[in-house]
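**Student:** Attaching a predicted model along with its sequence, questions to come.
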Amino acid sequence: MTYDQKKRILDLFVATSLIVAFFPFWIIIPLLIFFDSGWPVIFTHKRVGKGNVDFELFKFRSMVLNADEILHQKNHKLLKQFKNGDWKIAAKDDPRITQLGRFLRAFTIDEFPQLFNVLKGQMSMVGPRAYVRKELEEQGKKYPETKKYIPYIVSVKPGITGPWQTSGRNEIPFSKRAEMDGEYARNKSIKKDIMILIRTPKAMLSKW
């Protein structure tokens, strides 16, 4: 059995088990989001997948409805902060995130719907970050030394968790993230995937 076949079995087993185990969340969280800030409760966003093909990534919505418009059209200071921070802003400093959204992000609950991306075969439980295409392009210019890692990153399915998510998350700059994701893709193995899965709960809780 090939690595890809073993990985697909692992993905289906883990994703299905988590969907069943957290069944109450699929009812409670959408209701909380609806009563907090209305519809929609699911946020979709285009990301780069395996083979450099875009796909729609699912998340529980943790921001206000016009979050993208605020970032790119109405708040240039925030956009500058976003790009200077390697395409990320700490939740406590991002005015677009709702109060409920801060809680969802703190426990990574907002990413639970990505389990359905895994079932659809668009993502894996373990893999590189699901990057935004423009992020890869702009960060590649800012950090030209990372361009060599991009072909490896897009050669595998992005993951819900991965090497950098379990090694410091947002504190790791893009240059290091790209290197870690590229090295993971070059040297992937089921044993490494299982070890990353085992470390993930601790990494999630360490943000608190």
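**Tutor:** Looks like it arrived, so ask away.

**Student:** right, and the helix or strand after the lowest-mean-pLDDT helix or strand in the chain?
**Tutor:** Lowest by mean pLDDT, DSSP states H and E among the helices and strands of the chain is helix 76-84, with a mean of 64. Proceeding N to C from helix 76-84, the next assigned helix or strand is helix 99-106, under DSSP states H and E.

**Student:** now residue 196: how far from residue 117?
**Tutor:** 17 Å (C-beta to C-beta, to the nearest Å). Where C-beta positions appear, they are placed from N, C-alpha and C, glycine not excepted.

**Student:** Show me where this protein dips below the pLDDT cut-off.
**Tutor:** Applying pLDDT under 70 to the chain picks out residues 67, 69-76, 78-89, 91-93, 168-171, 205-208.

**Student:** Which parts of the protein are strands?
**Tutor:** Secondary structure of the chain, counting by DSSP state E: strands at 42-48, 54-60, 124-126, 159-161.

**Student:** other SSEs contacting the first one?
**Tutor:** In terms of contacts (3 or more C-beta pairs under 8 Å, 6 or more residues apart in numbering; DSSP states H and E), strand 42-48 is packed against strand 54-60, helix 133-142.

**Student:** who's in contact with the shortest one?
**Tutor:** Translated: strand 54-60. Contacting residues not belonging to strand 54-60 are listed as 29-30, 33, 41-49, 104, 109-114, 116-117, 122-123, 130, 133 [C-beta atoms under 8 Å, 6 or more residues apart in numbering].

**Student:** What's the biggest helix in this protein, counting residues?
**Tutor:** When the chain is parsed with DSSP state H, its longest helix is helix 3-21.

**Student:** Show me what counts as buried in it.
**Tutor:** By 16 or more other C-beta atoms under 10 Å, the buried positions in helix 3-21 come out as 7, 8, 10, 11, 14, 15, 18, 19.

**Student:** Please work out which of the helices and strands packed on strand 42-48 is packed deepest.
**Tutor:** Of all the helices and strands packed on strand 42-48, strand 54-60 carries the top mean neighbour count, a mean of 18, counting by mean count of other C-beta atoms under 10 Å.

**Student:** partner strands of it, parallel or antiparallel?
**Tutor:** Paired neighbours of strand 54-60 in the sheet (DSSP bridges): strand 42-48 (antiparallel).

**Student:** Show me which residues of the strand it pairs with are buried.
**Tutor:** So strand 42-48, judged by 16+ other C-beta under 10 Å, has buried residues 43, 47, 48.

**Student:** Kindly indicate which of the residues you listed lies nearest residue 2.
**Tutor:** residue 48 (23.6 Å; C-beta to C-beta).

**Student:** thinking again about what came up before, in CSV, list the helices and strands packed on strand 42-48 along with distance to residue 90.
**Tutor:** Formatted as CSV, those follow (distance: least, C-beta to C-beta, whole Å):
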stretch, distance to residue 90
strand 54-60, 18
helix 133-142, 17
